[in-house]
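Student: requesting a structural model of the entry that follows:
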Amino acid sequence: MKNKYQIVFFEVSLVFLFFFLIILPSKNSYCEEYIKGEIISSVSQNQLSLLVGDKAVVSLGMKDGVIKGDLLKITDNTDVGLINPIGQCAVLRVNNDNSICEIIKLQTEIDTGSPVFIEKLKYTEEKFSPIVYGLLSKTVNPYEPHKRVKVFIYNIFDEKNDVTKFSMKLKKEIESIFSQKSKIILKGALKTKDFLFYPSVYKEYKGMLDEFMKIENIDVFITGTYVLENDKVKISLYKFDKYFGDIRTTLQIPLDKELTEVSEVFIPYKPIKKEYVPCKVVYKEYQYIPHKDEKIDIVKYEANKDAFREYELKRVNFNIINPVDTTVMVDNEKLKFDAKNETLLSLTKGTHKILASFKRGYFLNTKDIPIYVSVRDIKKEIMLNIEREGNFVVEIDLNPFFEKDNIMFKIYKEKEKVFYLLKPVILIESDKPIESFKY
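Tutor: Prediction:
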C-alpha cells in the first residue's frame, strides 16, 4: 500500500516538474516575444471606460518600435502570459514615448490601465536600427493607418556604385525589419527584366524610375548608398514615393569588422543603357491686361450665351487675366513642378504625347486670388518623337490672350537652344490637327 502511494506521489511530482520546466518557461518565452505597455488615458476628457471607436493614449511609442498602422492587442491585468487578448487598437499617431490609437475590437468595456502589447521589432544588426526604423516610420507616416503600403527594396551601393557584402547585409536588414510589419507589403518578383538604377543619377533617370514603379505597382521604392569617412561609414537611404515625394535619411556608424565587407564586391557597376533620354519640362505664364473697350466682348465670350453668367460677370471688376489651374501631362501622367515651374524626367525613345491646359483667371490689381475663373479649359496636345541621345528641353508658353495661339511648345537642346532641328509638323488625326516634333 505504501508503495502504491509512493508511486502516485512520484507521478504527481513528475507532472508538477513538467509544468514548471516546460509550461511556465514557454509562457515566459511567449511574453519575451512581445513588448508590453498600458492604456494611459482616454483622449476624451473625464472618460474612464473605453469602448469600440474610442481613442486612447498608450505607453508604447517610437522607443518601442511602434509605427503608424500597427495593431496593438488589448488584454486584462490577470492575463500575465499575454495569451488571451480581449481586443485590438489601431495606432493613429506615434510619439517617442507614447501613441494615439483607436479601439477597433473589444469583447467588453475596459478601463484605463489595461495592458496592451505587440510583437517586438527584432534586429539582426542593432547598429542599423536607428536609420532602418526611421526609414520605416517615414515610409508609413503619409498613408492612412488602414492603408497597406507596397514597398520594393532595391540594392544599396558604395561610392563606385558597386554592390558589396556590406550592401547586401544592410539590404537584408531593411527587408527583415520591414517584413515584420503587417502594414508593409514587400514586392518580390519583378516583371521588368534587367532594371538598373543608381541613386546618384536619380534626377537624370527620374522618368525611368517612375515608369518602373508604375509597371510594378509599387508605392515606395527604397535604395541607398554609403561612403567611407576615415574610420566610419556614412549611410544614406532614399525613399522614392509615388504619391508623397522623396526623402533621404542618413546615419554614421563606426567601421570595425565591416572593413573587409565594404570592399568585397558582389555585383560590380554596370552603366545604365541609354534607352532613356533626360528631359526638362518648363512652363511660362504670361499676363494679359485688357483694354477697357475689350471687357464687354470678354464678358460675352465667357458667358457663352448664358444670361445668368453674363449678369454675374458684368458685376466682376477685373483688370488682369492670368493662366490658372495649369496642368501638363506626359503620356496621360500629370507632372509635378517645383517653385520655378520646372521638372526633370526621363523619356524612353519613341513617341510621347504631351498635353498642356489652363483656364483664364480674372484678377483685380493682384494675382494672389482670382475673383473669377473661366469654366473653359484651353488645351493643346503635341506628339514628341525621340530618336537621339542628349538632354533637351520642352518649354511651354501659356498665354491668356484672345487673338493669338494660347499655348506654344518649344523643343530644343539644353544650353544650345537649336530650335530649327525640332520644327513642328502638322498632322491630321481624327480631323484634329496635332503638332509633331522630332528629336
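Student: residue ranges with poor pLDDT in the stretch 101-250 of the chain?
Tutor: In the prediction, the stretch 101-250 of the chain carries no residues with pLDDT under 70.
Student: and the helices in it, which stretches?
Tutor: Counting by DSSP state H, counting those that start in this stretch, the stretch 101-250 of the chain has these helices, from start to end: 129-140, 165-179, 206-216.
Student: just how off-centre is the shortest one within its chain?
Tutor: Same thing as helix 206-216. Computed by Cα atoms, centre = their mean, to the nearest Å, the separation of helix 206-216 from the middle of its chain amounts to 13 Å.
Student: only the buried residues of that helix, if you could.
Tutor: 206, 207, 208, 209, 210, 211, 212, 213, 216 (16 or more other Cβ atoms under 10 Å). Any C-beta I mention is one placed from the backbone N, CA and C, and that applies to glycine too.
Student: which strands and helices sit next to it?
Tutor: Helix 206-216 makes packing contacts with strand 220-229, strand 276-285, strand 342-348 when contacts are defined by 3 or more Cβ pairs under 8 Å, 6 or more residues apart in numbering; DSSP states H and E.
Student: how about the next helix-or-strand element following the second one: buried residues?
Tutor: The reference is to strand 276-285. Sequence order places helix 295-303 as the next helix or strand after strand 276-285, per DSSP states H and E. Buried residues in helix 295-303, defined by neighbour count with 16+ other Cβ under 10 Å: 295, 298, 299, 302, 303.
Student: now for helix 295-303, which elements pack on it?
Tutor: Contact analysis of helix 295-303 by 3+ Cβ pairs under 8 Å, 6+ apart lists helix 307-314 as its packing neighbours.
Student: if we use 10 Å, what do you get?
Tutor: helix 307-314, strand 350-363 (3 or more Cβ pairs under 10 Å, 6 or more residues apart in numbering; DSSP states H and E).
Student: and that helix with helix 307-314, angle?
Tutor: Angle, helix 295-303 to helix 307-314, by axes from the mean of the first three to the mean of the last three Cα atoms, to 10 degrees: 140 degrees.
Student: the helices and strands packed on helix 206-216 into JSON lines, with extra columns for distance to residue 147 and mean neighbour count?
Tutor: Supplementary listing: the helices and strands packed on helix 206-216 in JSON lines, determined by distance: least, Cβ to Cβ, whole Å; neighbours: other Cβ atoms under 10 Å:
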{"stretch": "strand 220-229", "distance to residue 147": "12", "mean neighbour count": "20"}
{"stretch": "strand 276-285", "distance to residue 147": "30", "mean neighbour count": "19"}
{"stretch": "strand 342-348", "distance to residue 147": "26", "mean neighbour count": "19"}
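Student: ok, which of those comes nearest residue 235?
Tutor: When those are compared by Cβ to Cβ, strand 220-229 sits nearest residue 235, at 4.7 Å.
Student: so who does residue 140 touch?
Tutor: By Cβ atoms under 10 Å, 6 or more residues apart in numbering, the contact list for residue 140 reads 67-70, 91, 94, 147-149, 151, 178, 181, 183-184, 220.
Student: check residue 330 too.
Tutor: Neighbouring residues of residue 330 by Cβ under 10 Å, 6+ apart: 207, 210, 279, 281, 343, 345, 347, 352-355, 384, 394.
Student: next SSE after the one helix or strand residue 383 maps to?
Tutor: Counting by DSSP H and E, the element that carries residue 383 is strand 378-386. Using DSSP H and E, the helix or strand that follows strand 378-386 in sequence is strand 392-398.
Student: got the CA coordinates for the next helix-or-strand element following that next one in PDB?
Tutor: Helices and strands here follow DSSP H and E; after strand 392-398, the next one along the chain is strand 407-413. Only the C-alpha atoms of strand 407-413 are listed here, as PDB (Å, rounded to 0.1, in the frame of the first residue of the first chain):
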ATOM      1  CA  ILE A 407      -0.300  77.500 -75.900                       C
ATOM      2  CA  MET A 408       3.100  77.400 -77.700                       C
ATOM      3  CA  PHE A 409       5.600  74.500 -77.400                       C
ATOM      4  CA  LYS A 410       9.300  74.900 -78.000                       C
ATOM      5  CA  ILE A 411      11.600  71.900 -78.100                       C
ATOM      6  CA  TYR A 412      15.300  72.500 -78.100                       C
ATOM      7  CA  LYS A 413      18.600  71.100 -76.900                       C
END
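Student: which strands and helices sit next to strand 407-413?
Tutor: The helices and strands touching strand 407-413, judged by 3+ Cβ pairs under 10 Å, 6+ apart, are strand 276-285, strand 350-363, strand 378-386, strand 392-398, strand 432-438.
Student: direction included, what does it pair against?
Tutor: For strand 407-413, sheet partners with direction are given as strand 392-398 (antiparallel), following DSSP bridges.
Student: pull out the buried residues from the partner strand.
Tutor: By neighbour count, and taking 16+ other Cβ under 10 Å as the criterion, the buried residues in strand 392-398 are 392, 393, 394, 395, 396, 397, 398.
Student: out of these, which comes closest to residue 288?
Tutor: Closest to residue 288 out of the buried residues of strand 392-398 is residue 398 (10.8 Å), distances taken as Cβ to Cβ.
Student: which residue is the nearest non-sequential neighbour of that closest one?
Tutor: What sits nearest to residue 398 in space, not counting adjacent residues and going by Cβ to Cβ, 6 or more residues apart in numbering, is residue 323, at 4.3 Å.
Student: how far off centre is the helix or strand where that neighbour lies?
Tutor: Assigning secondary structure by DSSP H and E places residue 323 in strand 320-330. A distance of 26 Å separates the C-alpha centroid of strand 320-330 from that of its chain, computed with Cα atoms, centre = their mean.
Student: can you tell me what sits against the next helix-or-strand element following that strand?
Tutor: Counting by DSSP H and E, the element after strand 320-330 in chain order, helix or strand, is strand 333-334. For strand 333-334, the surrounding residues in contact (Cβ under 10 Å, 6+ apart) are 207, 210, 211, 214, 327, 328, 345, 355.
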